[in-house]
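>>> My questions are about this predicted structure, shown below with the sequence.
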Amino acid sequence: MLPRAYWKGSLKLSLVTCPVALYPASTTVERTRFHMINTETGNRLKQQMVDSETGEVVEKEQKGRGYEVSKGEYVQIEKEELEAVQLESNHTIDIDNFVPRDEIDRRYLDSPYYMVPDGNAGLDAFAVIRDAMKDQDRVALARVVLSNRERIVAIEPLGKGLLATTLRYAYEVRNEEDFFADIKTPKISKDMVELASHILDSKAANFDASKFEDEYENALKALVKQKASGKTIKSVEKPAKADNVISLMDALKQSLKGKAPAQRPARASRTEPRTAKKAGRSTARQRKAG
């Protein structure tokens, strides 16, 4: 049984309209979640809003919204004022234009939704829009009001339905140059790059999400199961990280062979050989004396 639709309305392409429904394509329902509890009573804790200055609990009717214009100074925004600027949802996804799929930067992709026909009335129109996009291999860009905010959505064919992915606005995506500008450009030999390329070729595969296990989630489920059955959980010591330096070229060569690169032994301190010599001299003197 399908979950409750997140949004219902119409998909419109020029004069062609069909009723559609949106369903979230991802879910976190299966994730292990914890509640805050009182460790003495085992009861669940309840959060309260507290005034940051007076420390007093603020009741529901006293709660409001404010925008911080300077440190500790807020402009209070009334509920009616917010409602005045909110976009009216006309429950229509109006397609503006179509763009090549590869022109959409992946950084702009936000949340995916499955778009399906809402009833049989507009099934033909839905199929026409879907199949036309398949033929052109283009993605539709449209606008829709979700949770009182206008969002841009990229719509593309997926099986018998459509995939609608909300897009981030330009101001929400950070400029990569702010992070990459200070990265140095070291001199890398051609041999190293070729070795790395061979490693990439040896690990070439097709993407299959089912092959990736959420090991942390599995460990959490096992932990909860053991605790619920009354078993004692023993802490596991984490292995110490190796500090020894590994040659990049050696690491590439050994990786290509499928073996872990041998770590170079740490250099012995200068005091060690001197100690060994002293011990040797002491032993020789004892033999002469004997």
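The structure has been received and is ready for your questions.

>>> Do a quick rundown of the strands in the stretch 1-150 of the chain.
Secondary structure of the stretch 1-150 of the chain, counting by DSSP state E, counting those that start in this stretch: strands at 7-13, 16-24, 65-70, 73-77, 92-100, 109-117, 138-146, 149-158.

>>> Run the angle between the last one and strand 16-24 for me.
This points to strand 149-158. Orientation check (axes from the mean of the first three to the mean of the last three CA atoms, to 10 degrees): strand 149-158 against strand 16-24 gives 100 degrees.

>>> what sits up against strand 149-158?
The contact list for strand 149-158 (CB atoms under 8 Å, 6 or more residues apart in numbering) reads 11, 87, 93, 95, 101, 104, 109, 113-115, 130-131, 133-134, 139-145, 162-167, 169. No exception for glycine: its C-beta is placed from N, CA and C like everyone else's.

>>> residue ranges for the strands of the stretch 151-290 of the chain, please.
According to DSSP E, counting those that start in this stretch, the strands that the stretch 151-290 of the chain contains are 161-167.

>>> Okay, helices next: where are they in it?
All helices of the stretch 151-290 of the chain, identified by DSSP state H, counting those that start in this stretch, fall at 177-180, 190-202, 215-228, 248-257, 271-289.

>>> Those helices: lowest mean pLDDT?
Per-stretch mean pLDDT for those is lowest at helix 271-289 (a mean of 45).

>>> how about stretch 66-85 as PDB, C-alpha atoms only?
Taking C-alpha atoms only, stretch 66-85 is exported to PDB below (Å, rounded to 0.1, in the frame of the first residue of the first chain):
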ATOM      1  CA  GLY A  66      12.300  36.700  14.800                       C
ATOM      2  CA  TYR A  67      15.100  37.500  12.400                       C
ATOM      3  CA  GLU A  68      18.500  38.400  14.000                       C
ATOM      4  CA  VAL A  69      19.600  41.700  12.400                       C
ATOM      5  CA  SER A  70      22.600  42.100  14.800                       C
ATOM      6  CA  LYS A  71      24.000  40.200  17.700                       C
ATOM      7  CA  GLY A  72      21.100  39.600  20.200                       C
ATOM      8  CA  GLU A  73      18.800  42.000  18.300                       C
ATOM      9  CA  TYR A  74      15.800  40.500  16.500                       C
ATOM     10  CA  VAL A  75      13.000  41.800  14.300                       C
ATOM     11  CA  GLN A  76       9.800  40.100  15.300                       C
ATOM     12  CA  ILE A  77       7.800  38.700  12.400                       C
ATOM     13  CA  GLU A  78       4.100  38.100  13.000                       C
ATOM     14  CA  LYS A  79       2.200  35.100  11.700                       C
ATOM     15  CA  GLU A  80      -0.100  37.300   9.500                       C
ATOM     16  CA  GLU A  81       3.000  39.000   8.000                       C
ATOM     17  CA  LEU A  82       4.400  35.700   7.000                       C
ATOM     18  CA  GLU A  83       1.100  34.600   5.500                       C
ATOM     19  CA  ALA A  84       1.000  37.800   3.400                       C
ATOM     20  CA  VAL A  85       4.300  37.000   1.600                       C
END
